[in-house]
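Trainee: Sequence and predicted structure below; questions after.
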Amino acid sequence: MFLSDQLGERKPGPLYRRAEALHPGLFKNSVYIDDRASNLPAAISRGAVGLHFTSIEALMEDLRSLGIAVEMDFGF
Amino acid sequence: MIEKIIFDYGGVFTQGSRADFVAQLLGASQAQQAELLAFFRSGFIKQAAKGEWSTAQILDRLQALLGGLDQDAVHHALTQACTPDIRMLQLVGHLKASYPIFLISDSLPPPTATPYARMPPMFSTACFCPIN
């Protein structure tokens, strides 16, 4: 976990840099999920596929579109 | 090829925004909405998310704004507002079988500490590194 109040930086850029310093290549070949679209470009520029979270239903569809198996039934 | 999945917390695991904190607090007290909103917008969120406010300082300030409401009640309201959606926990539990899962969050110590502590060990914590 990379928590801003413990790392002393906020998203996107400063906290992302701190996280990458702790875990080199963190964003490369990753999916990054955030409800704030403004946080996505900095993650995408580091090699992530950015997903704007709007609902769990939409997220599951987005993950499936990336080839990530999500075989769960929440009743919707 | 996707090798790992990184989640934000607030607004993803929790439904709603920090404005919900205010609404919940107002529901638990007779505080003036304008005063609370002004405090949240005064830079408190940015400063707290950077760790510039201690848990005690945050609770003391909110308690004062809420007219002396019991600090435990303030902490409880904040914690409840940050309780994760069980479906998100189930989804992450499912994904964790195939991918390393990370969490990057602008976090406020009082409302997030309790939910984090209660969550199952689903995130990679190898790089967790407090600076204080």
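Mentor: Yep, that arrived.
Trainee: now the strands for chain A?
Mentor: Along chain A, the stretches classed as strands by DSSP state E are A:2-3, A:30-34, A:48-52.
Trainee: most packed of these?
Mentor: Between these, strand A:2-3 has the highest mean count of neighbours, a mean of 26, where neighbours are mean count of other C-beta atoms under 10 Å in any protein chain shown. Quick note: C-beta positions are derived from backbone N, CA and C, even for glycine.
Trainee: Averaged pLDDT, that strand. What do you get?
Mentor: Over the span of strand A:2-3, the pLDDT mean works out to 62.
Trainee: Report the central residue of chain A.
Mentor: A:Tyr32 (1.8 Å; C-alpha atoms, centre = their mean).
Trainee: surely it meets A:Leu51?
Mentor: Yes: A:Tyr32 is within contact range of A:Leu51, at 7.0 Å (criterion: C-beta atoms under 8 Å).
Trainee: how close does the nearest residue to B:Tyr99 once chain neighbours are set aside get to B:Ile101?
Mentor: Nearest non-adjacent residue to B:Tyr99, counting by C-beta to C-beta, 6 or more residues apart in numbering or on different chains: B:Ile5, 4.9 Å away. For B:Ile5, the distance to B:Ile101 equals 5 Å [C-beta to C-beta, to the nearest Å].
Trainee: Quick check: which ranges of the chain have low pLDDT?
Mentor: Chain wasn't specified; assuming chain A. For chain A, the stretches with pLDDT under 70 are A:1-11, A:13, A:74-76.
Trainee: that's the wrong chain, I wanted chain B
Mentor: Using pLDDT under 70, the flagged stretches of chain B are B:16-33, B:45-46, B:49, B:68, B:107-122, B:124-132.
Trainee: What are the boundaries of the helices in it?
Mentor: For chain B, the helices defined by DSSP state H cover B:18-28, B:33-39, B:45-49, B:55-65, B:71-81, B:86-95, B:109-118.
Trainee: sorry, back to before: pull the number of nearby residues for the residue nearest to B:Tyr99.
Mentor: Neighbour count of B:Ile5, defined by other C-beta atoms under 10 Å in any protein chain shown: 24.
Trainee: re earlier: now for B:Ile5 and B:Ile101: what residues contact both?
Mentor: The contact sets of B:Ile5 and B:Ile101 overlap at B:Leu95 (C-beta atoms under 8 Å, 6 or more residues apart in numbering or on different chains).
Trainee: how about TSV for the strands of chain A, with distance to A:Glu71 added?
Mentor: Shown next, in TSV, are the strands of chain A (distance: least, C-beta to C-beta, whole Å):
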stretch	distance to A:Glu71
strand A:2-3	29
strand A:30-34	17
strand A:48-52	18
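Trainee: Adding distance to chain B, write those out as CSV.
Mentor: Compiled in CSV, the strands of chain A are given as follows (distance: least, C-beta to the nearest C-beta, whole Å):
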stretch, distance to chain B
strand A:2-3, 4
strand A:30-34, 4
strand A:48-52, 7
